[in-house]
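K.L.:
Below: sequence and its predicted model.
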Amino acid sequence: MANGKYKTEKSCASNSERRRPNTNEKVSSIAPGAIVSVSLVRMSPDLSYAKVYLSAFPLTDKEAFLKAVSIKSAEIRNELGKLVRHQLRIVPELSFYTDDSVDYAENIERLLKGDDPSILD
C-alpha cells in the first residue's frame with residue numbers, strides 16, 4: 001500500500017497526538033503540584049446537570065481550588081463535549097465540589113485511636 005492511499009501507523013499516531021489535549025498541563029494550571037482525581041459524579045435524571053466531586057492531594061486551600069476549577073468550567077465542559085459528542089445528546093452543566101470523604105475518614109480514624117485530645121476534656 002505504498003501508493004499513498006493509506007496512512008502509515010506513524011503518521012496516524014502523530015495526528016492523534018496533535019489533536020489530543022494534554023490533560024496534565026491543564027490540571028497543573030488549576031492546581032500546581034497537586035494530584036487531582038474525580039471521585040464521584042452525580043447526574044440529574046435528564047443528564048443535563050452533573051455534580052462533580054474532586055479530590056486533590058495535597059490541597060491547601062479548598063476555596064481557591066474550587067474557584068480555579070470554576071473559572072475553567074466552560075473549557076472543561078467543552079473538552080467533555082468533544083469526548084462524548086456521539087454518546088450524549090446534551091453535554092451536562094458542571095458544578096464542582098471538593099470531596100472531603102478522605103478527610104472525614106482520617107478524622108474518624110484519629111478519634112477511634114484516641115489521638116484527639118479535645119475529646120478527653
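P.N.:
Okay, I see it. Residues are numbered from 1 along each chain as shown.

K.L.:
does the residue nearest the centre of the chain have beta-bridge partners, and which?
P.N.:
Using C-alpha atoms, centre = their mean, the residue of the chain that lies closest to the mean C-alpha position is V38, 4.5 Å off. Beta-bridge partners for V38, by DSSP bridges, are L54.

K.L.:
That one is in contact with L54, isn't it?
P.N.:
Yes - with contacts counted by C-beta atoms under 8 Å, V38 reaches L54, the gap being 6.1 Å. All C-beta spots, glycine's among them, are computed from the backbone N, C-alpha and C.

K.L.:
where's N107, which helix or strand?
P.N.:
helix 101-113 (DSSP states H and E).

K.L.:
name the helices or strands packed onto that helix?
P.N.:
Helix 101-113 makes packing contacts with strand 49-57 when contacts are defined by 3 or more C-beta pairs under 8 Å, 6 or more residues apart in numbering; DSSP states H and E.

K.L.:
List the buried residues of the strand it packs on.
P.N.:
50, 52-56 (16 or more other C-beta atoms under 10 Å).

K.L.:
can you count the residues close to the residue nearest to S101 when sequence neighbours are not counted?
P.N.:
Leaving out its chain neighbours, the residue that sits closest to S101 by C-beta to C-beta, 6 or more residues apart in numbering is S39, at 7.1 Å. Neighbour count for S39, taken as other C-beta atoms under 10 Å: 15.

K.L.:
Helices of the protein, residue ranges please.
P.N.:
Counting by DSSP state H, residue ranges of the helices within the chain are 9-19, 23-30, 62-71, 73-84, 101-113.
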